[in-house]
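Trainee: Please find the sequence and the predicted model below.
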Amino acid sequence: MADGSENAIRLSGLGRDYGERPALEGVDLELPAGASLAVLGPNGSGKSTLLRVLAALLRPSRGEVSVLGCSLPDDAWKLRGRIGYLGHEPLLYEDLTGRENLEFQARLYGLKPDQARARIESDLALLGMDRRANYRVSDYSAGMKQRIAICRAVLHRPSLLLLDEPDSNLDPEGRAAARALIGRESELGWKAEGPVTRVAVSHEPEKARAEADQVLELKIGAAA
Amino acid sequence: MTPFGQALGAIVAKDLRTELRTMRSLPAMILFAVTTFIIFRFGLDRTALSGSLASGVVWTTLLFAAVLGINRIFLPEREEGGFDAFRLAPVERPVLFAAKAMVLFLYLAVLEVIVVPVFAVFFLNDWSGLMPLIPVLLLTNLGFAALGTLISSMAVNSRARDLLVPLLLLPLVVPLMIAATGATSPLLDSGGPSYDKFGTWLLMLGLYDGIFCLVGYAVFDFLLED
């Protein structure tokens, strides 16, 4: 549960435009550290855009954005390495194997070799990819790519997880395995240095409402 | 932040491993260069070249072969989300510039190790100018690598990148080519290498390299911004 001591995310009047077209408008939110947020809304309502703004991959067009105590976009550099981001694209190199992708990620995040090896093996095993991790990503199915992408997103044990439809392309077994790594119960398996805050885009309102501490519903171009 | 050297090594190793596995850039560069030498050989109807003509042939060929590599250097980052992954990582952004420039430099070095001897076989009666050519090749490669990485990073997000890279690169590379051909020409003279203004040309190449390495390092942060 959320410890409520400090907001991991604070948004006030957040807006983001693509050219002339507003993708997000007037989004307000306060999410305590350690809490989980479900982001709901129809296609085109700006859910993925919101996640990219929170990950400092997109600059907000207006409004105030504070993530893990960093004001965006000015302090975006301070967020690097503290966010686990799982987007629509798996962010994996197709010509490397799943394991090589994770090893590359570990080196970029400055993990020590022993620590990296241990995490990679345990996460791969948890997601049922340990025996298929030496195949090239280009040979993977969409579900296998998603499993490796989940491993990539949490390899550095981030304080904030931004998950864009994490269940997509996963079979029921894969969903259960993914939940073990990125869901609430995952804290049994790994812990970041502090509480882990989760923001997950979902297209399953009932399930999302049942599992999340807070829900943010986006309409086309605005928060509900 | 991850130490500069560790991140640099990770990206360079990743790119070299990918190239060794897929052979997407280097074979095309080498094939282009060798084919161009063959065309020059028959087009000029000469079995031997020297001086400025030899210098022009070798650098024209290397320049356009380099463009092939420059065009592709950021494609995996663009097409497979590498830019986003890199922007999320605790890494200084100029690391990516330095790593890509290093990879491009290595591609060019491998290209030259293979095609300069081919050029010599086709066109040179006297090979004694090849050894002093090495510093010219290395300094020119560094200029290509720095400028090429910078231009490629600007063009990669455009659908017209195949057009943009040469359009932006070629005018900016003219000073580099003037210095490279100026340094190479006396080395390939028919009577053996001479070193007329050799030091001046090397200095000019070094200055050009320094400017574009610094520019790339300074502006790369902004080029990766949304």
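Mentor: Here it is on my side, so go on.
Trainee: ok, so what distance separates residue B:94 from residue B:213?
Mentor: Distance of residue B:94 to residue B:213, given as CB to CB, to the nearest Å: 10 Å. Any C-beta I mention is one placed from the backbone N, CA and C, and that applies to glycine too.
Trainee: now residue B:98
Mentor: Remark: distance between residue B:98 and residue B:213 (CB to CB) = 9 Å.
Trainee: Have a look at the two and say which one is more surrounded.
Mentor: Comparing residue B:98 with residue B:213 by other CB atoms under 10 Å in any protein chain shown, the one with more neighbours is residue B:98, at 24 against 20.
Trainee: Check whether the more buried one really touches residue B:8, as I assumed.
Mentor: Yes: the criterion here is CB atoms under 8 Å, and residue B:98 meets it with residue B:8 at 5.7 Å.
Trainee: element containing residue A:199?
Mentor: According to DSSP states H and E, residue A:199 maps onto strand A:197-201.
Trainee: buried set for the helix or strand just after that strand?
Mentor: For strand A:197-201, the following helix or strand on the C-terminal side (DSSP H and E) is helix A:205-211. Neighbour-count burial for helix A:205-211 flags A:208, A:211 (criterion: 16 or more other CB atoms under 10 Å in any protein chain shown).
Trainee: what helices or strands is helix A:205-211 leaning on?
Mentor: In terms of contacts (3 or more CB pairs under 8 Å, 6 or more residues apart in numbering or on different chains; DSSP states H and E), helix A:205-211 is packed against strand A:36-40.
Trainee: who does the strand it packs on pair up with?
Mentor: If you go by DSSP bridges, strand A:36-40 pairs up with strand A:197-201 (parallel), strand A:214-219 (parallel).
Trainee: looking at these, which is buried most?
Mentor: Sort the strands paired with strand A:36-40 by mean neighbour count, taking mean count of other CB atoms under 10 Å in any protein chain shown, and strand A:197-201 sits at the top with a mean of 26.
Trainee: Please look at residue A:61 and residue A:19 and confirm they touch.
Mentor: No: with contact defined as CB under 8 Å, residue A:61 and residue A:19 do not form a contacting pair (10.5 Å).
Trainee: neighbour-wise, which of these two wins?
Mentor: Of the pair residue A:61 and residue A:19, residue A:61 is the one with more neighbours under other CB under 10 Å, namely 15 against 6.
Trainee: Return the alpha-carbon coordinates of stretch A:88-98 using CSV.
Mentor: Taking Å, rounded to 0.1, in the frame of the first residue of the first chain, the C-alpha atoms of stretch A:88-98 are listed here in CSV:
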residue,chain,number,x,y,z
HIS,A,88,4.1,-0.1,-26.8
GLU,A,89,7.5,-0.8,-28.4
PRO,A,90,9.6,-3.3,-26.5
LEU,A,91,12.8,-1.2,-26.9
LEU,A,92,14.8,-4.3,-27.8
TYR,A,93,17.5,-4.7,-30.5
GLU,A,94,16.1,-7.3,-32.9
ASP,A,95,19.5,-8.6,-33.9
LEU,A,96,20.7,-9.3,-30.3
THR,A,97,19.4,-12.2,-28.2
GLY,A,98,17.1,-11.5,-25.3
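Trainee: Since that was my last question, I'll sign off now.
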